[in-house]
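J.: The amino acid sequence is not available; the structure is as follows:
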C-alpha cells in the first residue's frame with residue numbers, strides 16, 4: 001500500500017477495532033489503516049493469568065485513574081484499559097457474558113432500531129465457537145472460542161450446594177435461555193491460551209495487502225473539513241502524520257479514550273472545550289457524558305481446607321509445579337479466568353430478571369491494584385449491580401492528547417444503586433455463611449463481621465470498592481441533545497465519522513462488557529459495508 005489515503009481509518013485496535021479491521025478488509029478491495037497507540041503485543045498477553053500480571057503494567061495498559069469523589073471516599077480508583085493490539089480483550093479477566101435480552105430490547109425501545117436482542121443475537125452467534133454445542137441461541141464455527149472453565153474443586157461443589165440451600169438455581173448456560181443462577185464461567189480461552197481479538201480477528205487479517213497496521217500511533221485528532229471528517233492526525237516515532245480517509249473514520253478507542261479524542265478534535269460541549277482552549281468545530285452536548293461502570297464490592301474469607309485456593313498454589317514449590325504444569329499441559333491456575341464461577345441473582349423476588357452479579361474467585365489479594373496475593377488460603381466473592389443508574393462523565397483535562405482525561409464515576413449517586421449494593425452485599429454473606437460452606441469457610445477477613453448496618457455497609461463499599469473495569473456510555477447512541485451517535489453509529493451532524501465500541505451503549509449490559517463490545521464491532525462492520 002502506498003500513500004496516506006485509505007478507504008477506512010480505524011482508530012484503536014481493541015475489542016471492536018480489531019473486528020472492524022478484519023471485516024472491512026474481507027472483500028480484498030477496501031484499503032484500511034488501523035492505528036493503535038500501544039505495542040503489537042506483550043509477552044504475557046497469551047496467558048490467561050495476564051489479567052493479574054498486566055493490571056497495573058503501563059507496557060500494555062493505559063493505567064487511568066478516576067478523580068477523587070464522595071462516592072469512593074475521595075479515593076482515586078484505578079481504571080485499567082488495554083493499550084496493545086486486542087485492547088482490553090488482551091488483559092481482561094476473560095469472562096464472557098452477553099447480557100440479558102432485556103438490555104438490547106431497552107436500547108431498541110429508546111429508538112435505536114436494529115439493536116433489539118433478536119437483531120443482535122445472530123451477531124453473537126456469528127462471533128462464537130461455543131465448545132459445548134450449538135442450539136437455537138448458541139453457535140459454533142465463529143472466530144471467538146468460548147468454553148466453560150474446566151477447573152473442578154470441592155469448594156465449587158460447596159458453593160453450588162450453598163446456592164441450592166438458599167433457593168438459587170444452578171444454571172448450565174447463563175448465555176442461553178436464562179441468566180439467573182449460579183454457574184461455571186464461560187471464558188474466551190482455547191487450549192490454555194487467551195483468545196483476544198488480536199488473535200481471533202486481527203491475526204487472520206494481518207497478511208492481507210489491503211490492511212495496514214501502525215502500532216505506537218497516538219491519534220491527536222480527527223480532521224474535519226466543515227462537517228465532513230476526512231482523516232486523522234497521529235504521532236508515531238516522534239513524527240506527526242496525517243492520513244486521509246476516502247469513506248470513513250471509525251473511532252474505536254473505548255469508553256475512556258473515544259470521548260477524549262472527539263473533544264481533542266473540537267467535537268463536544270463548548271464549555272468543556274473552551275475551558276481548555278480547544279476550538280469548537282462541532283458542538284455536541286453528550287460527548288463524555290452518560291458514563292456508567294460497575295462499582296465492585298469484594299468480600300473475602302479464609303479457606304480452612306488447604307490446597308483449594310490459588311493462594312496456596314502460587315507460592316514456593318506449588319508455583320513451580322503450576323508453571324511446569326502449564327508449560328506441559330496448558331492446565332492449572334495459569335490457564336483459568338479471573339473468576340471460575342459466577343452468580344446472577346435477584347435482590348428482590350418481584351424482579352423480572354437478575355440485578356446483581358457475583359464473581360467467585362478461589363483466591364484473595366491484599367493489593368487490588370497490583371494483584372499481590374494474601375499469604376493465606378482464601379476466597380473472594382465480588383458483587384456489583386448489573387444495571388447501575390448513577391451517571392458520571394469523562395472529559396479532557398487539557399488540549400494535550402498525552403494527558404489522561406478526568407474520569408468521574410459518580411458511583412452510588414442514585415439511591416437505587418445504594419440499596420441494590422447493600423442488598424447484594426448481604427446476599428454474598430448469605431452464600432458464604434450457608435451451612436454447605438461450613439467445611440471450607442473460615443474467618444471473614446474483609447470487611448469483617450463488625451460491619452453490619454446499612455450505613456456501615458455503604459460506608460465500607462465507598463471506602464474499599466474498585467470498579468469492575470466496564471466503562472461505557474460516553475458516546476451514547478440515540479437521539480436527542482445528549483446522544484452522540486445515531487443508531488448506525490454515525491456521529492450526529494457530521495459525515496464520514498462513526499464511533500464503534502463500548503462508549504456507544506445507551507445503558508449498561510447486564511454483566512461483563514467485552515462480549516457486547518465485540519458484537520458492536522461486528523454490527524458496525526455490517527452497517528459500514530451496507531452504507532458504503
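T.: Now that the structure is in, tell me what you want to look at. In this text, all values refer to a predicted model and were calculated from it rather than measured experimentally.
J.: Surely residue 396 and residue 269 touch.
T.: No. With contacts counted by C-beta atoms under 8 Å, residue 396 stays clear of residue 269, the gap being 10.4 Å. For every residue, glycine as well, the C-beta is placed using N, CA and C.
J.: Number of residues surrounding residue 167?
T.: Neighbour count of residue 167, defined by other C-beta atoms under 10 Å: 8.
J.: mind checking pLDDT for it?
T.: Residue 167 is assigned a predicted lDDT (pLDDT) of 97.
J.: go on, residue 334?
T.: On the pLDDT scale, residue 334 is placed at 89.
J.: Could you report the neighbour count for it?
T.: 22.
J.: For it, give me its contacts.
T.: Residues near residue 334 by C-beta atoms under 8 Å, 6 or more residues apart in numbering: 47, 48, 49, 192, 322, 323, 325, 326.
J.: now do 7 Å
T.: 47, 48, 49, 322, 326 (C-beta atoms under 7 Å, 6 or more residues apart in numbering).
J.: thinking again about what came up before, between residue 396 and residue 269, point out the one with more neighbours.
T.: Neighbour count, other C-beta under 10 Å: between residue 396 and residue 269, residue 396 has more, with 25 against 19.
J.: So that one is in contact with residue 260, correct?
T.: Yes. Using C-beta atoms under 7 Å, residue 396 is in contact with residue 260, at 5.7 Å.
J.: Now do the shared contacts for those two.
T.: With C-beta under 7 Å, 6+ apart as the test, residue 396 and residue 260 both reach residue 405.
J.: circling back to that earlier point, closest to residue 187 among the contacts of residue 334?
T.: Using C-beta to C-beta, residue 48 is the member of the contacts of residue 334 that sits closest to residue 187, with 7.7 Å.
J.: Just give the number of residues close to the closest one.
T.: By other C-beta under 10 Å, 24 other residues sit near residue 48.
J.: and residue 286, what is it in contact with?
T.: Here residue 286 is in contact with 476, 481, 482, 483, 484 (C-beta under 7 Å, 6+ apart).
J.: separation between the closest residue to residue 303 other than its chain neighbours and residue 444?
T.: Spatial nearest neighbour of residue 303, excluding adjacent residues (C-beta to C-beta, 6 or more residues apart in numbering): residue 377 at 4.2 Å. Computed as C-beta to C-beta, to the nearest Å, the residue 377 to residue 444 distance reads 14 Å.
J.: quick one: which of those two has more around it?
T.: More crowded of residue 377 and residue 444, by other C-beta under 10 Å: residue 377, with 25 against 17.
J.: isn't that one right next to residue 314, touching?
T.: No. Here residue 377 does not reach residue 314: they are 10.5 Å apart, not a contact under C-beta under 7 Å.
J.: returning to what we had before: including distance to residue 296, could the contacts of residue 334 go into a markdown table?
T.: Shown next, in a markdown table, are the contacts of residue 334 (distance: C-beta to C-beta, whole Å):
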| residue | distance to residue 296 |
| --- | --- |
| 47 | 23 |
| 48 | 20 |
| 49 | 20 |
| 322 | 26 |
| 326 | 27 |
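J.: any idea which of these is closest to residue 180?
T.: residue 48 (26.6 Å).
J.: The chain: helices as residue ranges?
T.: 17-24, 50-53, 101-109, 117-127, 154-165, 197, 203-205, 254-264, 270-275, 310-313, 316-329, 415-432, 454-464, 514-531 (DSSP state H).
J.: Comparing those helices, which comes out most buried?
T.: Of the helices of the chain, the one with the most neighbours on average (mean count of other C-beta atoms under 10 Å) is helix 197, at a mean of 33.
J.: I'd say residue 409 and residue 296 touch.
T.: No. Here residue 409 does not reach residue 296: they are 11.5 Å apart, not a contact under C-beta under 7 Å.
J.: between these two, who's got more neighbours?
T.: residue 409 (26 against 21).
J.: Report the contact partners of residue 484.
T.: 284, 286, 287, 475, 476, 491, 492, 499.
J.: I'd assumed residue 266 was in contact with the first one.
T.: Right, the one you point to is residue 284. No. Counting by C-beta under 7 Å, residue 284 does not reach residue 266; the two are 10.2 Å apart.
J.: So for those two, which residue has more residues nearby?
T.: residue 284 (25 against 18).
J.: Need the pLDDT of that one.
T.: Residue 284 is given a pLDDT of 98.
J.: Number of residues surrounding the nearest residue to residue 520 once chain neighbours are set aside?
T.: In space, and not counting its chain neighbours, residue 520 is closest to residue 16: 5.3 Å by C-beta to C-beta, 6+ apart. Number of residues near residue 16 (other C-beta under 10 Å) recorded here: 37.
J.: Same question for residue 42.
T.: So residue 42, with other C-beta under 10 Å, has 23 neighbours.
J.: Now that we're looking at residue 262, what pLDDT does it have?
T.: 98.
J.: Grab the nearest non-local neighbour of it.
T.: residue 287 (5.1 Å).
J.: show me what contacts the one you found?
T.: Contacts of residue 287 (C-beta under 7 Å, 6+ apart): 259, 262, 263, 267, 268, 269, 475, 484.
J.: Equivalent analysis for residue 496, please.
T.: Counting by C-beta under 7 Å, 6+ apart, residue 496 has contacts 228, 229, 230, 245, 248, 249.
J.: Residue 28 now?
T.: residue 210.
J.: where does residue 217 land on pLDDT?
T.: 97.
J.: Same question for residue 322.
T.: pLDDT, residue 322: 88.
J.: got it, and residue 2?
T.: 40.
J.: What of the one 5 residues further on?
T.: Reported pLDDT at residue 7 in the predicted model: 98.
J.: Run a quick neighbour tally on it.
T.: Counted with other C-beta under 10 Å, residue 7 comes out at 18.
J.: That one and residue 247 touch, don't they?
T.: Yes. Residue 7 sits in contact with residue 247 when judged by C-beta under 7 Å, with a separation of 4.7 Å.
J.: Chain neighbours aside, what residue packs nearest to residue 174?
T.: Residue 174 sits nearest to residue 183 (C-beta to C-beta, 6+ apart), 4.8 Å away.
J.: check contacts around the residue nearest to residue 520.
T.: 252, 500, 501, 517, 518, 520, 521, 524.
J.: Please repeat the previous calculation with a cut-off of 6 Å.
T.: 252, 500, 501, 517, 520, 521 (C-beta atoms under 6 Å, 6 or more residues apart in numbering).
J.: gap between the residue nearest to the first one when sequence neighbours are not counted and residue 34?
T.: The spatial neighbour of residue 252 that comes closest, neighbours along the chain excluded (C-beta to C-beta, 6+ apart), is residue 17 at 3.5 Å. As for residue 17, its distance to residue 34 is 7 Å (criterion: C-beta to C-beta).
J.: Residue 176 against residue 137, yeah?
T.: Yes. Between residue 176 and residue 137 there is a contact under C-beta atoms under 6 Å: 5.2 Å.
J.: Not including adjacent chain positions, what is the nearest residue to residue 40?
T.: residue 215 (4.9 Å).
J.: Identify the residues contacting the one you found.
T.: So residue 215 contacts 36, 39, 40 (C-beta under 6 Å, 6+ apart).
J.: how about residue 116, phi and psi?
T.: The phi/psi pair for residue 116 (degrees, to the nearest 10) reads phi -70, psi 170.
J.: Pretty sure it sits against residue 107.
T.: No. Counting by C-beta under 6 Å, residue 116 does not reach residue 107; the two are 7.5 Å apart.
J.: State which strand of this structure is the longest.
T.: Ranked by residue count, the top strand of the chain under DSSP state E comes out as strand 239-251.
J.: Many thanks, I have nothing further to ask.
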